[in-house]
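Okay, structure incoming, though there's no sequence with it:
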């Protein structure tokens, strides 16, 4: 049981770092979603989503609630990462379509 909890914590730390790097790279112009100025319409909700998930995760672990919530949170995080990576690659917008490069 302890290994599972440590694995969840490590996953959440890595997930948070990846999302912060995507957010930072988007504002520096290195990571794009292909929407031009509309990239903000993905970046800002992304950070809000990360904060909400982290608050729920921390509240869940501090209050020792049901462990099913951790599984649901991790599945939600994986789906969110898939969405972000797809938006950076194949599902890019029309302003800068997919050309095989993620970083400019």
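Received it, and whenever you're ready, just let me know what you need. Not measured: the values here are computed from a predicted model. Numbering: from 1, shown residues only.

mind listing the helices for this structure?
With DSSP state H applied, the chain shows helices at 2-28, 40-62, 68-88, listed in chain order.

Pipe those helices into CSV and attach mean pLDDT per row.
Below are the helices of the chain laid out as CSV (pLDDT from 0 to 100):
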stretch, mean pLDDT
helix 2-28, 87
helix 40-62, 88
helix 68-88, 87
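
Which among the ones you listed is found nearest to residue 98?
In terms of C-beta to C-beta, the element of the helices of the chain nearest to residue 98 is helix 68-88, at 9.0 Å. Every residue, glycine included, has its C-beta placed from N, CA and C.

Check which residues of that closest one are buried.
Neighbour-count burial for helix 68-88, counted by 16 or more other C-beta atoms under 10 Å, picks out 70, 73, 74, 77, 80, 84, 87, 88.

Please give the number of neighbouring residues around residue 52.
The number of residues packed near residue 52 is 10, by other C-beta atoms under 10 Å.

now do residue 25
Neighbour count of residue 25, defined by other C-beta under 10 Å: 17.

Let me know how buried residue 50 is, in neighbour terms.
The local packing of residue 50 (other C-beta under 10 Å) involves 19 other residues.

how about JSON lines for the helices of the chain, with distance to residue 34 added?
Shown next, in JSON lines, are those (distance: least, C-beta to C-beta, whole Å):
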{"stretch": "helix 2-28", "distance to residue 34": "11"}
{"stretch": "helix 40-62", "distance to residue 34": "10"}
{"stretch": "helix 68-88", "distance to residue 34": "8"}
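
circling back: now the buried residues of helix 68-88 as a markdown table including distance to residue 2?
Output for the buried residues of helix 68-88, formatted as a markdown table (distance: C-beta to C-beta, whole Å):
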| residue | distance to residue 2 |
| --- | --- |
| 70 | 13 |
| 73 | 18 |
| 74 | 17 |
| 77 | 21 |
| 80 | 27 |
| 84 | 31 |
| 87 | 36 |
| 88 | 35 |
